[in-house]
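*Asks:* Could you look at this predicted model? Sequence included:
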Amino acid sequence: MTVLVLYATVEGHTRKIAEHAAAQLEASGHGVVLADVREPGFAIPGRFDGVLLCAPIHMGRYPTPVEQFLIDWKAALADVPTALVSVSLGICSGNSEDRAEAEGYPAKLEKKTGFHIAKVHHAAGALKFLEYDFFKRMMMRQISTKEGGPVDTSKDYELTDWAALDRFLGEFADDVALAARA
């Protein structure tokens, strides 16, 4: 059984999540093809037993190539287990409204693309203070301060709950194996 793991990334953390997912799926016995959804030439989804899409939310939306991929391939994706790892800092917010907003992005994606992804995991992203320009660093520090998060801008912070992600990946690996036997 082979799983296509596609990702889009803005600051690199979603790629790290996708690479981790690929390694976990391989460890569970699946073959994996890992690719950036924005790069031309990745394999056709209809040739895989499952598809895992890892996508960040920036400025209130997923990257356009993620949306276009779902529009273009929704018929093939409907035939295999398909899952989404939705990456955002909002999911670890102490504010219930911010968390609810982050949890609502997959529904907005469905409305935009016409494709329903039944299995979704919300993963917190990373604060990349060392990569931000001065203004973004200060803005993100201010937001993090308000949330009670890390404020030392001399280092980066990964906020991803890797154990929760691994549990989700285990469930998805089981779904793919079950569907392949059917």
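*Replies:* Sure, I can see it.
*Asks:* drop to CA atoms for contacts and neighbour counts, all remaining ones
*Replies:* OK.
*Asks:* Buried ones in the helix or strand of the chain with the lowest mean pLDDT, by neighbour count?
*Replies:* None of the helices or strands of the chain scores lower by mean pLDDT, DSSP states H and E than helix 134-147, at a mean of 81. Neighbour counts over helix 134-147 (16 or more other Cα atoms under 10 Å) mark 137, 140-141, 144 as buried.
*Asks:* same check, this time on stretch 155-171
*Replies:* 157, 159-160, 165, 168-170.
*Asks:* What is the longest helix of the chain by residue count?
*Replies:* The longest helix of the chain (DSSP state H) is helix 162-181.
*Asks:* Can you spell out which helices and strands pack onto that helix?
*Replies:* helix 13-27, strand 119-123 (3 or more Cα pairs under 8 Å, 6 or more residues apart in numbering; DSSP states H and E).
*Asks:* For those, could you give me CSV that also reports mean pLDDT, mean neighbour count and distance to residue 95?
*Replies:* CSV is the format used below for those (pLDDT from 0 to 100; neighbours: other Cα atoms under 10 Å; distance: least, Cα to Cα, whole Å):
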stretch, mean pLDDT, mean neighbour count, distance to residue 95
helix 13-27, 97, 19, 23
strand 119-123, 97, 20, 16
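*Asks:* what's the closest non-adjacent residue to residue 142?
*Replies:* Distances taken as Cα to Cα, 6 or more residues apart in numbering put residue 151 closest to residue 142, at 8.0 Å, once the chain neighbours are dropped.
*Asks:* Who are the contact partners of the one you found?
*Replies:* Taking Cα atoms under 8 Å, 6 or more residues apart in numbering, we find residue 151 in contact with 141-142, 144-145.
*Asks:* For the buried residues of helix 134-147, work out which two are farthest apart.
*Replies:* The span of those, defined through Cα to Cα, is set by 137 and 144 at 10.3 Å.
*Asks:* Cross-check the contact I'm expecting between residue 18 and residue 4.
*Replies:* No: in this structure residue 18 lies outside contact range of residue 4 using Cα atoms under 8 Å: 10.5 Å.
*Asks:* Pull up the overlap in contacts between those two.
*Replies:* With Cα under 8 Å, 6+ apart as the test, residue 18 and residue 4 both reach residue 34.
*Asks:* one step back: which one among the contacts of residue 151 gets closest to residue 105?
*Replies:* residue 144 (20.8 Å).
*Asks:* Brilliant, that's me finished.
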